[in-house]
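[1] Any chance you could fold what I've pasted below:
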Amino acid sequence: MFDSPTGAALVAEDRGHSGPTAASVRSRRPWPDDFVVQATRFLQRIDLDQALAMAGAVKGYWHPTGFMAFHTRWSFEGMPVRVHCWPRGARPVEDRHPPLHNHMWPLASKVLTGTYSETVYALDDVPDGEYAHYSVEYHTRDDATVFDDGRRCQALPVVTSVCVPGEVHHLEAGVFHETTIPESQRVVTVMVTGQREIDSCSLVGLPGFPTRRRVRRSVTPAELARAIDGLAASSR
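    Numbers count the residues shown, from 1 in each chain. Reported below is the predicted structural model:
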């Protein structure tokens, strides 16, 4: 399940849940061959020096779950190449922000430094579910309104993946995941996406996250400098 063509270590956790959503995640539909092959080939040509240069040339934004996101001037099949950085130490995380999210497109991401880890979840819709489902309405790329759409669900862990530098992992459109990178780790990845496959993306977390419009905060030059401090070419 969700295995990487470059051999990322996987820790499966299938707890026997039934239901169409969980079953569809466990069965995994075939990847679009062109995206997997072309994205992996493209990413393997990018190293840490190039990625940091790409990130330093554009304005970055803090994702509300605590990582830096840079939409670079490079592109893959017309979509921007993204550099993500989880700095070591305390990260700005929005209070009570739902930790699970999905994407409108498939993605491929190469780890450049550190150990990347994430857990993939399937959802079972149940009226008395522990978790709330939040819809996201984007106004611009880094400006969105998040609101509770009334659905309640259980979030069922399916698989945890752990990837080390040089490995590429993939995620299908619509699949919920949560990054699980401790503050003791510094991780940098470079990511590309396929074309949009679903209408919108969503979040899942505890009920009570307030509805409001949120504009992501910019990464300051000092924050970026601290995040990449010590990543000299000789140490990579």
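
[2] List the contacts of the longest helix along the chain.
    Longest helix in the chain by number of residues (criterion: DSSP state H): helix 33-43. For helix 33-43, the external contacting residues (Cβ atoms under 8 Å, 6 or more residues apart in numbering) are 5-6, 76-77, 106, 108-110, 168, 170, 190, 192, 194. Bear in mind the C-beta positions are built from the backbone N, C-alpha and C, glycine included.

[3] which residues pair with the residue nearest the centre of the chain across the strands?
    For the chain, the residue sitting closest to the mean C-alpha position, by Cα atoms, centre = their mean, is Thr179 at 6.7 Å. Beta bridges link Thr179 to Glu118 when assigned by DSSP bridges.

[4] Make sure it is actually in contact with Thr65.
    Yes: at 7.0 Å, Thr179 and Thr65 qualify as touching, with contact defined as Cβ atoms under 8 Å.

[5] For Ala144, give its distance to Thr160.
    28 Å (Cβ to Cβ, to the nearest Å).

[6] any idea which strand is longest in this structure?
    The residue-count maximum for a strand in the chain (DSSP state E) belongs to strand 143-163.

[7] so what strands line up beside that one?
    strand 9-12 (antiparallel), strand 116-125 (antiparallel), strand 131-140 (antiparallel), strand 212-215 (antiparallel).

[8] Quick check: what element follows that strand along the chain?
    Beyond strand 143-163 on the C-terminal side, the first helix or strand identified by DSSP states H and E is strand 168-171.

[9] packing partners for that next one?
    helix 33-43, strand 107-113, strand 116-125 (3 or more Cβ pairs under 8 Å, 6 or more residues apart in numbering; DSSP states H and E).

[10] Name the next helix or strand following the longest one along the chain.
    This points to helix 33-43. Counting by DSSP H and E, what follows helix 33-43 is helix 48-56.

[11] counting contacts, what elements does that next one pack onto?
    strand 67-76, strand 79-86, strand 107-113, strand 187-193, helix 221-228.

[12] Reformat these as a markdown table; add distance to Asp49.
    Shown next, in a markdown table, are the helices and strands packed on helix 48-56 (distance: least, Cβ to Cβ, whole Å):
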| stretch | distance to Asp49 |
| --- | --- |
| strand 67-76 | 14 |
| strand 79-86 | 12 |
| strand 107-113 | 9 |
| strand 187-193 | 11 |
| helix 221-228 | 11 |
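
[13] Perfect, I'm done here.
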